[in-house]
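In: sequence first, then the predicted structure:
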Amino acid sequence: MLYELFLGLAIASKALAAGTDFEALFRPYVSSGVEIATPSDADFANVASPRWSTWRAPTFQAAIKPVIESDLQEIVRIAGRNNISFLATLNGHGTNLRYGNLQNALNINLANFNSVTVDAAKNRMTVGGGVTFGNLSAPLAKAKREIQTGNAVCVGMVGATIGGGIGTMQGLRGLVLDALLSVRLVTATGDVVTASKSENPDLFWAIRGAGANFGIITSATYEVYEETNNGQVILANFGFPVSASRSIWELLRSYDDYIPPALVLIPAVAYNRTTNETNINVGLVYYGTQKQAQPYINQLVALKPASNSTQYLTTEQLHQVFSNGVCNRGNRHNAYTVGLRKTNVAALQDTVGDLTKFFKTHPDYHGSFAIQRYSSEATLRVPDNETAYPWRDISSYLLFDNIYTDPALDADVDALGRKVRARFFSVSGYREPQVYLNYDHGDEPLTQIYGASKLPKLRALKKLWDPRHMFGVGNPIH
């Protein structure tokens with residue numbers, strides 16, 4: 001924690017270049033289409049990357065929107081020479097508390113790096129560093145190809161990849177980073193390097209799990225696959241009263257040792273402000289036919305839901321449904337997470353009780369507590385030493401996303417979040433807590449984020465590629 005304090009002070013002091021003329025500093029060295037703005041400019045909001053969450057947000061005294069790769073090279077070189085802290089972002093979905101250490105910095109908006117090229121004959125796809133998951137749907141559907149992605153269309157493809165990349169196709173295809181074949185990366189010196197299994201292989205190892213620490217990725221090439229079930233997927237939704245919660249958790253526990261790769265279960269606890277009742281909503285996804293999915297659907301129907309529906313969708317439609325409300329900006333997202341090996345019914349029941357009390361006593365709170373149960377079959381086919389990503393054996397991802405707008409709730413939310421996290425750390429089924437980087441809160445030790453066995457190599461590579469710690473403000477390797 002002492003290092004974190006010093007790092008925060010160092011970042012803040014580097015960023016405070018008051019009175020810097022960013023136009024004069026950068027304009028002579030970048031291409032003509034590059035946009036540069038400061039907060040006093042009318043177009044600042046269009047030049048700076050949008051921010052998804054207002055909780056512990058970084059602040060920027062300038063923003064720059066590069067157009068081509070050489071622009072990024074010059075921006076990194078100039079920022080380095082002038083001790084200007086920066087953060088390259090797309091839609092600002094990194095939300096852990098460490099981002100709040102970055103104040104009065106330079107925002108680098110990657111939105112112009114938005115190309116998507118699919119080569120169906122070679123089963124390859126190359127995307128720019130400013131591409132979202134939603135940008136992939138049409139090109140892939142046209143080529144009759146698929147790739148594992150996250151569940152929200154607004155999230156950046158590359159940013160999610162380098163932290164792991166989990167989603168509904170994980171059981172069939174593995175983590176998103178498992179499809180990654182190579183990247184082009186602007187390093188701390190402003191040079192561009194290619195990283196793959198054959199070029200800079202150690203760097204490529206590190207990028208797959210800790211990539212934000214090593215540079216800015218301008219483009220990435222992935223393996224893509226022939227469509228599963230002709231690109232069609234089953235989505236079944238069930239709404240239950242809180243009285244059914246134990247039965248739901250017991251059903252989830254029945255899948256602790258095995259869940260079919262094509263099946264996904266996502267139960268979520270939420271609160272209906274109209275009826276003033278806690279509800280349990282269960283989403284079931286199946287990559288196959290209605291006949292194949294029906295036995296799993298019947299298990300939830302047997303629990304007598306208050307509502308249920310089943311849809312046959314394209315993968316694009318599935319992700320649009322999952323993104324409803326998720327991509328809305330302007331809220332505080334103060335999240336806590338735990339990787340789970342086992343389902344502990346008692347802990348889940350206790351949490352439902354805690355949440356219900358919290359909902360009732362905090363009328364402006366709109367949080368959600370979800371368990372994402374994916375098969376780890378495809379993920380575990382990749383050897384642990386293949387990538388820096390440490391937690392291939394996580395069975396379920398607990399995401400406690402506390403959503404609200406009033407900063408006055410921060411202390412109460414943190415107290416509840418820490419209580420719930422500690423409860424599940426103790427019953428997770430692992431000897432040491434395993435934390436999925438893309439969901440982390442930001443106060444976890446690096447051993448929980450990167451794994452104790454991976455850290456020595458990551459630290460050595462950090463010293464080699466980014467000795468001045470120019471990258472990785474969200475989860476800095478030290």
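Out: Alright, I've got the coordinates.

In: buried residues in stretch 24-39?
Out: Neighbour-count burial for stretch 24-39 flags 25-26, 30, 34-38 (criterion: 16 or more other CB atoms under 10 Å). Yep, even glycine has a C-beta here, placed from its N, CA and C like the rest.

In: ok, which pair from these is furthest apart?
Out: V30 and T38 (15.9 Å; CB to CB).

In: quick one: contacts for V242?
Out: Neighbouring residues of V242 by CB atoms under 8 Å, 6 or more residues apart in numbering: 277-280, 352, 356.

In: what's the closest of those to P456?
Out: V352 (40.8 Å).

In: before we move on, back to that, in strands, which of the buried residues of stretch 24-39 appear?
Out: Among the buried residues of stretch 24-39, DSSP state E puts 35-37 in strands.

In: can you put those residues in JSON lines and add distance to V338 and pLDDT?
Out: As requested, those are exported to JSON lines (distance: CB to CB, whole Å; pLDDT from 0 to 100):
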{"residue": "E35", "distance to V338": "41", "pLDDT": "98"}
{"residue": "I36", "distance to V338": "42", "pLDDT": "98"}
{"residue": "A37", "distance to V338": "40", "pLDDT": "98"}
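
In: what's the closest of those residues to F44?
Out: Closest to F44, out of all of those and judged by CB to CB, is A37, at 4.4 Å.

In: give me every residue that touches the residue nearest to that closest one when sequence neighbours are not counted.
Out: Counting by CB to CB, 6 or more residues apart in numbering, A37 lies nearest to V47, which is 4.0 Å off, once chain neighbours are set aside. Listed by CB under 8 Å, 6+ apart, the contact set of V47 reads 35-37, 41, 63-65, 109.

In: list the contacts of G451.
Out: Taking CB under 8 Å, 6+ apart, one finds 390-391 in contact with G451.

In: what is the burial count for P456?
Out: Number of residues near P456 (other CB atoms under 10 Å) recorded here: 9.

In: and what of A422?
Out: Here the number of neighbours of A422 (other CB under 10 Å) works out to 12.

In: that one in helix, strand or coil?
Out: helix (DSSP: H, G, I helix; E, B strand; the rest coil).

In: and it, how far from A452?
Out: 20 Å (CB to CB, to the nearest Å).

In: so among the contacts of V242, which ones count as buried?
Out: Buried among these (16+ other CB under 10 Å): 278-280, 352, 356.

In: got the residues you listed as JSON lines, with secondary structure, pLDDT and distance to K291 columns?
Out: Shown next, in JSON lines, are the buried ones among the contacts of V242 (DSSP: H, G, I helix; E, B strand; the rest coil; pLDDT from 0 to 100; distance: CB to CB, whole Å):
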{"residue": "T278", "secondary structure": "strand", "pLDDT": "97", "distance to K291": "34"}
{"residue": "N279", "secondary structure": "strand", "pLDDT": "97", "distance to K291": "29"}
{"residue": "I280", "secondary structure": "strand", "pLDDT": "98", "distance to K291": "27"}
{"residue": "V352", "secondary structure": "helix", "pLDDT": "98", "distance to K291": "34"}
{"residue": "T356", "secondary structure": "helix", "pLDDT": "97", "distance to K291": "38"}
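
In: ok, so of those residues, who is nearest L263?
Out: Closest approach between the buried ones among the contacts of V242 and L263, by CB to CB: I280, at 18.5 Å.

In: what sits against the nearest residue to that closest one once chain neighbours are set aside?
Out: Of all residues not flanking I280 in the chain, F240 sits nearest, at 4.4 Å (CB to CB, 6+ apart). By CB under 8 Å, 6+ apart, the residues touching F240 are 248, 279-282, 303, 305-306.

In: check S375 too.
Out: Listed by CB under 8 Å, 6+ apart, the contact set of S375 reads 170-172, 259-261, 263.

In: I'd like the mean pLDDT over stretch 174-184, please.
Out: Averaging pLDDT along stretch 174-184 gives 98.

In: next, the distance between the ends of that stretch.
Out: Distance across stretch 174-184, first residue to last, is 23 Å (CA to CA, to the nearest Å).

In: so which bits of that stretch are buried?
Out: Buried positions in stretch 174-184, judged by neighbour count with 16+ other CB under 10 Å: 174-180, 182-184.

In: of all the contacts of F240, which comes closest to E146?
Out: Of the contacts of F240, the one sitting nearest to E146 (CB to CB) turns out to be V282, at 24.6 Å.

In: the closest one - how many residues pack around it?
Out: Using other CB under 10 Å: V282 sits among 22 other residues.

In: which strand or helix spans it?
Out: Using DSSP states H and E, the element containing V282 is strand 277-286.

In: chain center to that strand, what's the gap?
Out: Offset of strand 277-286 from its chain centre (CA atoms, centre = their mean, to the nearest Å): 21 Å.

In: any chance of the buried residues of stretch 24-39 in a markdown table, plus distance to S395?
Out: Putting the buried residues of stretch 24-39 into a markdown table (distance: CB to CB, whole Å) gives the following:
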| residue | distance to S395 |
| --- | --- |
| L25 | 50 |
| F26 | 47 |
| V30 | 47 |
| V34 | 46 |
| E35 | 45 |
| I36 | 47 |
| A37 | 46 |
| T38 | 47 |
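
In: how about the strands in the stretch 301-450 of the chain?
Out: With strands called from DSSP state E, counting those that start in this stretch, the stretch 301-450 of the chain shows them at 307-314, 332-340, 368-373, 396-404.
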